[in-house]
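K.L.:
Here is my input, please return the structure:
(chains A and B)
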Amino acid sequence: GENVEQHPSTLSVQEGDSAVIKCTYSDSASNYFPWYKQELGKRPQLIIDIRSNVGEKKDQRIAVTLNKTAKHFSLHITETQPEDSAVYFCAASLRSSGSARQLTFGSGTQLTVLP
Amino acid sequence: NAGVMQNPRHLVRRRGQEARLRCSPMKGHSHVYWYRQLPEEGLKFMVYLQKENIIDESGMPKERFSAEFPKEGPSILRIQQVVRGDSAAYFCASSPFESHSNQPQHFGDGTRLSIL
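P.N.:
Residues are numbered from 1 along each chain as shown, chains lettered A, B, ... in the order given. Take a look at the predicted model:
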């Protein structure tokens, strides 16, 4: 089955700096890669996702890149703000016509943005 | 459009009792997934259901755990004879009908199960 590794486990940055979180996956058939943000005691919230036919996707201060050959994908947050502080999870899934597979999650990155 | 609804938010049980966790998917969603999150860990897949069908239960423990998604009503995750190791947050997610399989999963607020 799929295995997703996520690094680093903790990350502290100064407000205004950029943060990068990296994930690798094992199953070359995986084709869908979402990122979730989870604040303490709350639900995981989808912040951005990317499909394997795309190499990069951006949404305001958040971007995700995907390298299918190397089987890794990264989350980039620019101009970080204190409210970006949370645990971020990457995930991988195989999605095909007529089938919506389960997500395999990384172990999470605790991001702290220092004011 | 209401999101994924889970109840109860918190559930306390003594060892040996049964725990029932409920999940109502988003309106128009017919796929339900259950995940378990241990403290300071990631989410682990348990089971994937569609109405009246278990599609994939490869992440579910073989004993004491069961799940259903009846034609009417919420999906239920049932844990019999709970043990301390069952203490965790249990999250439900839903996604739309399979013809829209590129749609993301949306999560509920979870049920935090504590075993005394």
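
K.L.:
Residue 16: what's it in contact with?
P.N.:
Using chain A. A:Gly16 makes contact with A:Glu79, A:Thr80, according to CB atoms under 8 Å, 6 or more residues apart in numbering or on different chains. From N, CA and C alone the C-beta is placed, and that goes for glycine too.

K.L.:
Hmm, no, I was thinking of chain B.
P.N.:
Counting by CB under 8 Å, 6+ apart, B:Gly16 touches B:Gln81, B:Val82.

K.L.:
Show me the strands in chain A, by range?
P.N.:
For chain A, the strands defined by DSSP state E cover A:4-7, A:10-14, A:19-25, A:32-38, A:45-51, A:56-59, A:62-67, A:72-77, A:86-92, A:95-96, A:99-100, A:104-105, A:109-114.

K.L.:
Other residues contacting the second one?
P.N.:
Residues outside strand A:10-14 that contact it (CB under 8 Å, 6+ apart) are A:Ala19, A:Ile21, A:Thr80, A:Thr109, A:Gln110, A:Leu111, A:Thr112, A:Val113, A:Leu114.

K.L.:
burial of the closest residue to A:Ile47 other than its chain neighbours, as a residue count?
P.N.:
Spatial nearest neighbour of A:Ile47, excluding adjacent residues (CB to CB, 6 or more residues apart in numbering or on different chains): A:Lys37 at 4.9 Å. A count of nearby residues for A:Lys37, using other CB atoms under 10 Å in any protein chain shown, gives 21.

K.L.:
residues of stretch A:61-74 that come out buried?
P.N.:
Neighbour counts over stretch A:61-74 (16 or more other CB atoms under 10 Å in any protein chain shown) mark A:Ile62, A:Ala63, A:Val64, A:Thr65, A:Leu66, A:Lys71, A:His72, A:Phe73, A:Ser74 as buried.

K.L.:
Flag the shaky bits of chain B, pLDDT-wise.
P.N.:
Along chain B, the model assigns pLDDT under 70 to residues B:1, B:97-103.

K.L.:
who's in contact with the residue nearest to A:Ile47?
P.N.:
For A:Lys37, the contact set (CB under 8 Å, 6+ apart) comprises A:Pro44, A:Gln45, A:Ile47, A:Ala86, A:Val87, A:Tyr88, A:Phe89.

K.L.:
hmm, 10 Å instead?
P.N.:
Taking CB atoms under 10 Å, 6 or more residues apart in numbering or on different chains, we find A:Lys37 in contact with A:43-48, A:62, A:75, A:77, A:84-89, A:111.

K.L.:
what does B:Pro74 give?
P.N.:
By CB under 10 Å, 6+ apart, the contact list for B:Pro74 reads B:Met5, B:Gln6, B:Asn7, B:Leu21, B:Arg22, B:Cys23, B:Ser24, B:Pro25, B:Val32, B:Glu68, B:Cys92.

K.L.:
Just the C-alphas of stretch A:31-41, formatted as PDB.
P.N.:
Coordinates of each C-alpha in stretch A:31-41 appear next as PDB, following Å, rounded to 0.1, in the frame of the first residue of the first chain:
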ATOM      1  CA  ASN A  31      -2.400  10.800  -8.600                       C
ATOM      2  CA  TYR A  32      -4.000  13.100  -6.100                       C
ATOM      3  CA  PHE A  33      -2.200  15.100  -3.400                       C
ATOM      4  CA  PRO A  34      -4.200  17.300  -1.000                       C
ATOM      5  CA  TRP A  35      -2.800  19.400   1.900                       C
ATOM      6  CA  TYR A  36      -4.800  19.900   5.100                       C
ATOM      7  CA  LYS A  37      -4.400  22.400   7.900                       C
ATOM      8  CA  GLN A  38      -5.500  21.300  11.400                       C
ATOM      9  CA  GLU A  39      -5.800  23.700  14.300                       C
ATOM     10  CA  LEU A  40      -5.800  22.400  17.800                       C
ATOM     11  CA  GLY A  41      -8.900  20.400  18.500                       C
END
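
K.L.:
With that, I have no additional questions.
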